[in-house]
Structures are given as structure tokens and as C-alpha cells.
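1. predicted model, plus sequence, below.
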Amino acid sequence: MSEFAGRVAVVTGAGSGIGRALALDLARRGAKLALSDMNTVGLAETVAQVEALGAEVRSDHLDVTQREAVLEYAKTIAEHFGKVNQVYNNAGIAYHGSFEKAEFKDFERVVDVDFYGVVNGTKAFLPYVIASGDGHIVNTSSLFGLLAIPGQSAYNAAKFAVRGFTEALRQEMLVAKHPVRVSCVHPGGIKTAIARNAVTGPDEDLASIAEFFDKRLARTSAEDAARTITNGVRKNKARILIGADARFLDAWVRLVGSSYQRVVATVVPRFMPKSQR
């Protein structure tokens, strides 16, 4: 409890999925919460649930791609609570489709939210987290930040970038001897709405892809994911792997090296829903 009780924790993407589960888990651990999302309805539901647990909470509509708004938001939260201890850069979106047929706007949107949203949140809050004297930055990458698969070039690009950025940031905090710990989160298949809310490329059937993800890949609940994250934060883990799939595939890729790409390129098309021609 000492890692969270009385600490001010910022969670983006708190209106559903892992973000909501994180907010609830942190509330149970005694944290004060600053929650944000683009989905104001979902965010209000999360707020009601954490308030029922007795947590002190502030909620805000926030688009993490809007840099100036994120900078102002960080200042507002620091003034409201008097400090910021933990930042969970969790907001994210998905895209499925071949790069060959992808439009620049869809590719850029994924990178803006999933990568630059993390960069914006980290940059905006870092001075306050350092000033707290007891800080932690937690950035959400993905299993797809550990290995690439066809149809996920935009998501892979963003999540690999989050991984590299976060690992470099952890090292910089160590070099500078700042009182800030840094963790990178790599969820495998989590039971959330991310696949159902994804954008797809031309000729892709979103309903079939979402059904495949929900039935075949999503093995870990959002609640279990949240507990894994907070336990990883408590233990100051550099890399927090969520789910047996993430742990297995991470070990496999490190074992076989780049040869994993040919295996994945052979196996994935056999199981993924076929494109609509």
C-alpha cells in the first residue's frame, strides 16, 4: 500500500478497458486520481465507480494528441492536487490493415495517439513527477512492441517507439539520479473493446477481426492486467509483461531472433479472418 496510498496518480484512457481497471485498482490501494479520456460517458462511469470506493478523483476530457492541452492539463493537475507522483500513459487506439493499402491519415492517427500521446504526457508531467521526490512514469506499449505481425504496421511502429522511448527515459532518469522510476507495459491479448473500436483498412472486415480477437486472443481480463501493472510498479520492473502470451512470445523472439518473422508471416495469415475482396 505504501507505494500508492496518498500518492497522486494520473491515468489517461480511463474511460474503459485497462485504464478503468487501473483507476479502480489504484483507488483500492489508496491513491488520489486524475483521470482523463476522450469518451466522457465512459469516463463518468469510471469516476462513479472509483468514488464508490472512497477515492479522491478529478476527471477531465483530454485528447492526448493535443500537446498544448496536455501541457496545460499537467499544470492544472499539479496545482489541483499539489503534487503528481505517478503517470500512467495508457490511452491508445488500434488499426488493422496492410500498409500497402493504408491511408496516411490512419497511420498518422495511430502514431499520434499511441506514441506521441505517451511523449506528450511524459514531457508535460515529468517536471512535476521529479519534483514529487517519489515518482513513477508508466507507459503502455504492447506485445506488438516486442514482435511485429502483418496487418499491424501502424500499431507496431507506435508501440515499438513507445518501448524504445521508455527504455531510454528510464536510463536517463538513472543517469541524472532523478527520483523517478520508469516502466514499460507490454499487454498481450486483453479483454477490452480496443479491437471492436479499431479502424480498419480497405477490404478489411472489422466485425470478423474483432470477433477473432475476442474469442481467440483476448485471454487476460482488464482487472488482472491492472493488478499486474500495479504490482510491477511496486517492484520497480523495467518491463511489465501481461499475460502468458506476452511472456511466451517475448521469450521466443529473444531466443530465435529475427527468424521469428518468417514463422509469423507463414502462420498469421492461416488464422486471421480473410480480407473482404
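-> Arrived safely.
2. state the distance from Ser259 to Thr266.
-> Distance, Ser259 to Thr266, using Cβ to Cβ, to the nearest Å: 11 Å. C-beta here means a position set from N, CA and C on the backbone, and glycine is covered the same way.
3. ok, Ser2 next?
-> 49 Å.
4. run through the stretch 151-277 of the chain and note the low-pLDDT ranges.
-> 191-218, 272-277 (pLDDT under 70).
5. change it to 50
-> Scanning the stretch 151-277 of the chain for pLDDT under 50 picks out 195-196, 206, 209-210, 212-213, 276-277.
6. could you pull out the strands for it?
-> Assigned by DSSP state E, counting those that start in this stretch, the strands in the stretch 151-277 of the chain fall at 180-187, 190-191, 199-200, 220-221, 239-242.
7. and the longest one, what's buried?
-> In this case it means strand 180-187. Within strand 180-187, the residues scored as buried using 16 or more other Cβ atoms under 10 Å are 180-187.
8. can you name the residues in contact with that strand?
-> Strand 180-187 is contacted from outside by 18, 126, 129-130, 135-143, 145-146, 162-163, 166-167, 169-170, 173, 220, 225, 229, 232-233, 236-243, 246, 250, using Cβ atoms under 8 Å, 6 or more residues apart in numbering.
9. which of the residues you listed are buried?
-> 18, 126, 129, 135-143, 145-146, 162-163, 166-167, 169-170, 173, 220, 225, 229, 232-233, 237, 239-243, 246, 250.
10. ok, now which ones touch the residue nearest to Asp25 when sequence neighbours are not counted?
-> In space, not counting the residues next to it along the chain, Asp25 is nearest to Ala226; the distance is 4.2 Å by Cβ to Cβ, 6 or more residues apart in numbering. The contact partners of Ala226, by Cβ under 8 Å, 6+ apart, come to 18, 21-22, 24-25.
11. do I have it right that Asn120 meets Glu68?
-> No: between Asn120 and Glu68 there is no contact under Cβ atoms under 8 Å: 9.4 Å.
12. those two: who's more crowded?
-> Neighbour count, other Cβ atoms under 10 Å: between Asn120 and Glu68, Asn120 has more, with 25 against 9.
13. which of the helices or strands spans the more buried one?
-> Using DSSP states H and E, Asn120 sits within helix 117-132.
14. within the sheet, what are the partner strands of the helix or strand following that helix, with directions?
-> For helix 117-132, the succeeding helix or strand toward the C-terminus, using DSSP H and E, is strand 135-140. Here strand 135-140 is paired, per DSSP bridges, with strand 86-89 (parallel), strand 180-187 (parallel).
15. so which of these comes closest to Val110?
-> Among those, strand 86-89 comes nearest to Val110, with 15.1 Å by Cβ to Cβ.
16. tell me which other helices or strands the helix or strand following the closest one touches.
-> Next helix or strand after strand 86-89 toward the C-terminus (DSSP H and E): strand 95-96. Of the remaining helices and strands, those touching strand 95-96 by 3 or more Cβ pairs under 8 Å, 6 or more residues apart in numbering; DSSP states H and E are helix 104-111, helix 153-176, strand 199-200.
17. which one of these lies nearest to Val57?
-> So among the helices and strands packed on strand 95-96, helix 153-176 is nearest, using Cβ to Cβ, at 26.0 Å.
18. just want the angle from that closest one to helix 104-111.
-> 30 degrees (axes from the mean of the first three to the mean of the last three Cα atoms, to 10 degrees).
19. which helices and strands sit right next to helix 153-176?
-> strand 95-96, helix 104-111, helix 117-132, strand 135-140, strand 180-187.
20. ok, residues contacting the helix holding Asn120?
-> So helix 117-132 is contacted by 8, 10, 12, 64-67, 70-71, 73-74, 77-78, 83-87, 89, 91-92, 135-137, 139-140, 162, 165-166, 169, 178-180 (Cβ under 8 Å, 6+ apart).
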